[in-house]
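1. Make a model of this:
(one chain, ligands or ions: 1)
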Amino acid sequence: MTTTNFPPLVAGNWKMNGTLASLAEVDALKEKLAGVNPACDVMICPPFTLLFPMGERLNDSSIAMGAQDCHWEEKGAHTGDIAAEMIAETGATAVIVGHSERRTDHHETDEIVQKKAAAAHRAGLIAIICIGETIDERKAGRTLDVLSTQIAGSLPEGCNAANTIIAYEPVWAIGTGLTPTPEEVAEAHAHIRKELAAKVSGEEEAARVRILYGGSVKPNNAKELMAVENVNGALVGGASLKADDFFGIISAYL
Ligand code: PEP
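-> Numbers count the residues shown, from 1 in each chain. Predicted coordinates for the structure are as follows:
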């Protein structure tokens, strides 16, 4: 079973990019989406500072909003951190956790990612949990083992297709212009789907979980990547910053 009842999702991860002026790109995207009906959900994940103003801008639109990280506690002495409950107040409906940049820059382990995903669920947010192998792990033939370990360690109890999305992001493909072949993507996604069964109460629920591909998705490769079996959308970094490019990727679903 390889299908999901949820529409595919194309989510833009703005990372540490964007000021108030960048909301013009959101307006431009809204215009481009007006009158077309892509067969996918669309989401933008701006930095924390833009959550409230972007939420207002998106009020009258079908574009959803997510955040890029959260702390696992509800409140407390954690200078500079943001709780999932705070994110939920902005109108965001999802939060990315376990992105490889956080795993690398902030030494986040699977255990930490698991706590953050649980916090997202506690706050009523969808956890977009990122997993993926490094180039050394791929060259050593360890890709599928790495994915298994990350799934086992990063997903909390209580995951289901409504509250959890997996983003398969090979670390070596992020921001590099490199992408795995469609066959490699298919192999990774099929493996993730299989491993999910143990985490989400069985194969039927696992079949409904959206598994996004992320890593150098661009308008010129989106259609091919999104057509791969078990790929239920994309997590897009650089190409989500400009409405033209992001719309070009969304167009894979037109
Ligand atoms: C990402 O960081 O989630 C990502 C996929 O980045 P890019 O599209 O720029 O490779």
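2. CA atoms for contacts and neighbours, from now on please.
-> OK.
3. ok so residue 124 is a strand residue?
-> No. Assessed by DSSP: H, G, I helix; E, B strand; the rest coil, residue 124 does not belong to a strand; its assignment is coil.
4. so who does it touch?
-> 88, 93, 163 (Cα atoms under 8 Å, 6 or more residues apart in numbering).
5. hmm, which of those residues are the buried ones?
-> Buried subset of the contacts of residue 124 (neighbour count, 16 or more other Cα atoms under 10 Å): 88, 93, 163.
6. Which one of the residues you listed is nearest to the ligand?
-> Within the buried ones among the contacts of residue 124, the smallest distance to the ligand is 17.5 Å, found for residue 93 (Cα to the nearest ligand atom).
7. Name the residues of the longest helix seen in the chain that are buried.
-> When the chain is parsed with DSSP state H, its longest helix is helix 182-196. Within helix 182-196, the residues that qualify as buried by neighbour count (16+ other Cα under 10 Å) are 185-196.
8. just stretch 163-180 next, same as before
-> Burial within stretch 163-180, assessed by neighbour count using 16+ other Cα under 10 Å, is assigned to 163-175, 179-180.
9. And stretch 114-133, by the same measure?
-> Using 16+ other Cα under 10 Å as the burial criterion, the residues of stretch 114-133 that qualify are 114-121, 123, 125-133.
10. and residue 52, how many neighbours?
-> Around residue 52 there are 15 other residues, counting by other Cα atoms under 10 Å.
11. Tell me the confidence at it?
-> With respect to pLDDT, residue 52 has a value of 98.
12. residue contacts, the closest residue to residue 171 other than its chain neighbours?
-> Nearest-residue entry for residue 171: residue 134, 5.0 Å, with adjacent residues in sequence omitted and distances by Cα to Cα, 6 or more residues apart in numbering. Contacts here follow Cα under 8 Å, 6+ apart; on that basis residue 134 touches 170-172.
13. Can you redo those residues as a markdown table, where the extra columns are pLDDT, distance to residue 16 and secondary structure?
-> Written out in a markdown table, the entries for these read as follows (pLDDT from 0 to 100; distance: Cα to Cα, whole Å; DSSP: H, G, I helix; E, B strand; the rest coil):
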| residue | pLDDT | distance to residue 16 | secondary structure |
| --- | --- | --- | --- |
| 170 | 98 | 20 | coil |
| 171 | 98 | 18 | helix |
| 172 | 98 | 19 | helix |
